[in-house]
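S.K.: Fold the following, please.
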Amino acid sequence: MIKEILREKLAEALGELGYKKIVPEVLPTLTSKYGDYYSTVALKLAKKGSKQTAEKTAKFLQAKLAKNGDLFNVEVAKNGFLNLTLSSEFLCIILRKIIEENESFGKSGHGSGKKVQVEFISANPTGPLTIGNGRGGFMGDTLAYCLGKAGYSVSREYYVNDTGNQIKNLGVSILDALGIKSEDRQDLYRGEYIVEIAKELEKEIDIERYKNKALEIGEKAAQLILEKFIKKALVKTKINFDTFISEKSLHEKNKIKAALDLLKNQGLIEEREGAIWFKIKGVEDRDRVLVRSKVGGNEPTYFLADIAYHLDKVERGFDKIINIWGADHAGYVARMKAAAAALDFGDRLDIIIVQLVRLIDNGQEVRMSKRTGTFISLEELVDMVGLDSARFFFISHAANTHMDFNLKLAKERSQKNPVYYVQYAHARCCSILKEAQNQGFKMDKIVKSDTKLLKHPSERDLIVQISKLPEIVEDISENYNVHLLPLYVQRAADLFHKFYEQVRVIDDKDKETSLARLSLVVATKIALREACGLMGVSCPERMEKVDL
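M.R.: This next block holds a predicted model:
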């Protein structure tokens with residue numbers, strides 16, 4: 001990986017100057033005007049009390065790094081930044097390596113076989129998956145792919161909240177739909193799906209026997225919703241899970257009681273006001289109830305169930321536990337982190353909050369509510385815009401930012417739609433290679449071509465960009481920012497289209513240069529295919545031509 005090589009060489013130079021414990025940061029530049037990568041290590045040393053200015057330290061480092069001219073050249077900016085420009089020789093090696101690795105391009109041993117669990121979506125089985133669930137779903141799916149590419153052993157898990165108050169409320173909603181008014185409530189679930197599930201249950205069981213058992217009716221309805229709506233939507237959206245864990249099963253296996261006993265043995269609970277509380281230290285301003293008082297039925301809270309669930313994850317031996325939660329769960333992060341810290345697995349737990357999604361159609365927000373039944377399901381959205389657009393659009397925004405999903409743009413089949421633009425770049429690669437084959441160019445000759453003939457700026461820019469996939473995968477495995485992938489492929493597609501416009505790829509008068517350029521087309525095709533594969537986005541070999 002390029003950044004790793006640059007860091008290693010920079011660390012060697014720092015060591016020669018007496019800074020042996022400094023770990024230099026190397027980052028990609030936004031424009032080739034400042035090289036391909038840069039480092040602020042000299043500036044940081046100056047801020048730490050170095051007797052030399054940042055610029056002077058940078059110049060000393062430049063002198064030490066001069067011996068690596070076969071890999072990169074170094075320039076010192078006025079602010080003390082080190083601008084690193086990859087050499088033509090090094091870029092040739094990188095290009096050949098991409099082609100040689102092919103389907104393995106982007107893989108690394110960064111994860112070293114460590115076990116990681118990604119728990120995502122975990123929507124209550126009280127209705128179909130919504131577009132909000134889709135955002136976390138596609139993010140979790142992509143993150144799992146990236147972690148696997150980075151060498152981790154990944155398990156994808158869906159936690160099914162199939163008991164408790166919201167399930168009892170579902171049961172009341174089902175009974176209400178069947179004309180059995182067990183409770184006068186304004187917060188019931190509505191919509192056609194409730195009527196559909198109610199009618200199906202009416203055929204399967206004697207409703208009269210259950211009219212006073214809202215929780216049991218709700219549990220049966222939840223199982224039907226899970227199978228009939230949620231899992232069906234997961235198949236359609238190609239979101240994969242290895243495991244579905246039932247909250248009800250935690251109760252049945254006495255995991256909840258075991259968690260409470262553990263907390264008690266470690267002195268982390270307190271009984272007062274008839275309830276059992278978790279004593280939170282220094283994270284929140286108040287303790288949290290684990291078991292309700294007699295008035296609340298002495299029932300365990302969701303917080304206690306969540307603690308039991310996470311202890312179960314720890315028992316299963318995961319080195320890292322990643323939760324992707326919706327914005328409505330943001331208030332639960334601090335208490336869950338506090339529990340994890342108290343039980344000595346805080347360093348294993350990372351929680352990502354995915355912010356809200358607004359569906360925009362012709363400039364107007366489409367208002368939605370699962371509880372009232374006025375919503376567009378994830379399946380319906382995919383039917384409207386296509387799976388590739390849905391996946392690409394949802395992961396194109398950082399999780400911590402609010403998102404407007406532009407329905408009109410997602411439906412576009414032109415360069416205006418970013419996923420179409422990227423897919424067209426891949427299809428163009430395939431078209432060029434097919435034409436080359438028709439003209440007698442052989443793949444073995446392309447692979448072994450003299451890539452030193454690639455001297456045009458558009459060729460260089462393209463090689464630098466596509467070579468970044470391994471480091472992006474590694475970065476995502478550390479910071480979980482999957483939106484880096486759409487940015488990568490859009491930039492690669494843009495540079496490829498410019499390369500195609502600015503040079504003649506297949507030139508009858510210069511076969512050797514044509515072979516070299518065709519090797520760059522092969523490498524670009526590989527990079528786009530592998531990156532899109534991590535996003536779950538298809539790469540067609542043929543597409544309708546568009547004006548770029």
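
S.K.: Sketch out the low-pLDDT regions of the stretch 351-500 of the chain for me.
M.R.: Across the stretch 351-500 of the chain, the ranges flagged by pLDDT under 70 are 369-374.

S.K.: nope, the chain is what I was after
M.R.: Looking at the chain by pLDDT under 70, you get 49-50, 182-184, 282-285, 369-374, 545-548.

S.K.: domains in it, as residue ranges please.
M.R.: Annotated domains of the chain cover 2-86, 418-535 [automatic domain parsing].

S.K.: wait, which of those domains is closest to Asn161?
M.R.: The closest of the domains of the chain to Asn161 is domain 418-535. By Cβ to Cβ, the value is 23.4 Å. C-betas here are computed from N, CA, C, even on glycine.

S.K.: Between the two ends of the closest one, how far is it?
M.R.: End-to-end distance for domain 418-535: 14 Å, by Cα to Cα, to the nearest Å.

S.K.: repeat for stretch 41-56
M.R.: Termini of stretch 41-56 sit 12 Å apart (Cα to Cα).

S.K.: Can you list the buried residues in it?
M.R.: Val41, Ala42, Leu43, Lys44, Leu45, Ala46, Ala54, Glu55 (16 or more other Cβ atoms under 10 Å).

S.K.: Pull the residues that contact it.
M.R.: 10, 14, 19, 22, 24-25, 57-58, 60-61, 76, 78-82 (Cβ atoms under 8 Å, 6 or more residues apart in numbering).

S.K.: ditto for stretch 497-511
M.R.: Counting by Cβ under 8 Å, 6+ apart, 425, 428, 432, 435-436, 439, 441, 456, 458-459, 461-462, 513-514, 517-518, 520-521, 548 sit against stretch 497-511.

S.K.: Would you mind checking the residues you listed for buried ones?
M.R.: 425, 428, 432, 436, 441, 458-459, 461-462, 513-514, 517-518, 520-521.

S.K.: and which of those residues is nearest to Leu534?
M.R.: For the buried ones among the contacts of stretch 497-511, the nearest to Leu534 is Ala425 (16.3 Å; Cβ to Cβ).

S.K.: Quick check, that closest one in contact with Phe496.
M.R.: Yes. Using Cβ atoms under 8 Å, Ala425 is in contact with Phe496, at 4.8 Å.

S.K.: list the residues that contact both of these two?
M.R.: What both Ala425 and Phe496 touch, as defined by Cβ under 8 Å, 6+ apart, is the set Thr524, Leu528.

S.K.: Let me have the buried residues of stretch 41-56 in a markdown table, adding distance to Asp388 as columns.
M.R.: Formatted as a markdown table, the buried residues of stretch 41-56 follow (distance: Cβ to Cβ, whole Å):
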| residue | distance to Asp388 |
| --- | --- |
| Val41 | 41 |
| Ala42 | 44 |
| Leu43 | 42 |
| Lys44 | 42 |
| Leu45 | 47 |
| Ala46 | 48 |
| Ala54 | 46 |
| Glu55 | 48 |
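
S.K.: Show me those that map onto helices.
M.R.: Members of those lying in helices (criterion: DSSP state H): Val41, Ala42, Leu43, Lys44, Leu45, Ala46, Ala54, Glu55.

S.K.: ok so, going back, which ones among the buried ones among the contacts of stretch 497-511 lie within helices?
M.R.: 425, 428, 432, 436, 458-459, 461-462, 513-514, 517-518, 520-521.

S.K.: Thr524 and Gln439: what is the separation?
M.R.: 19 Å (Cβ to Cβ, to the nearest Å).

S.K.: One more: Phe229?
M.R.: When Phe229 is compared with Gln439 (using Cβ to Cβ), they lie 52 Å apart.

S.K.: Equivalent analysis for Asp261, please.
M.R.: Taking Cβ to Cβ, one finds Asp261 at 75 Å from Gln439.

S.K.: Helices of the stretch 301-450 of the chain, start to end?
M.R.: 302-315, 333-342, 378-385, 387-394, 407-411, 418-438, 443-447 (DSSP state H, counting those that start in this stretch).

S.K.: want to throw those helices into JSON lines with distance to Tyr152?
M.R.: Shown next, in JSON lines, are the helices of the stretch 301-450 of the chain (distance: least, Cβ to Cβ, whole Å):
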{"stretch": "helix 302-315", "distance to Tyr152": "15"}
{"stretch": "helix 333-342", "distance to Tyr152": "20"}
{"stretch": "helix 378-385", "distance to Tyr152": "27"}
{"stretch": "helix 387-394", "distance to Tyr152": "21"}
{"stretch": "helix 407-411", "distance to Tyr152": "31"}
{"stretch": "helix 418-438", "distance to Tyr152": "26"}
{"stretch": "helix 443-447", "distance to Tyr152": "31"}
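
S.K.: Quickly compare these and say which is most buried.
M.R.: Among the helices of the stretch 301-450 of the chain, helix 387-394 has the highest mean neighbour count (mean count of other Cβ atoms under 10 Å), at a mean of 25.
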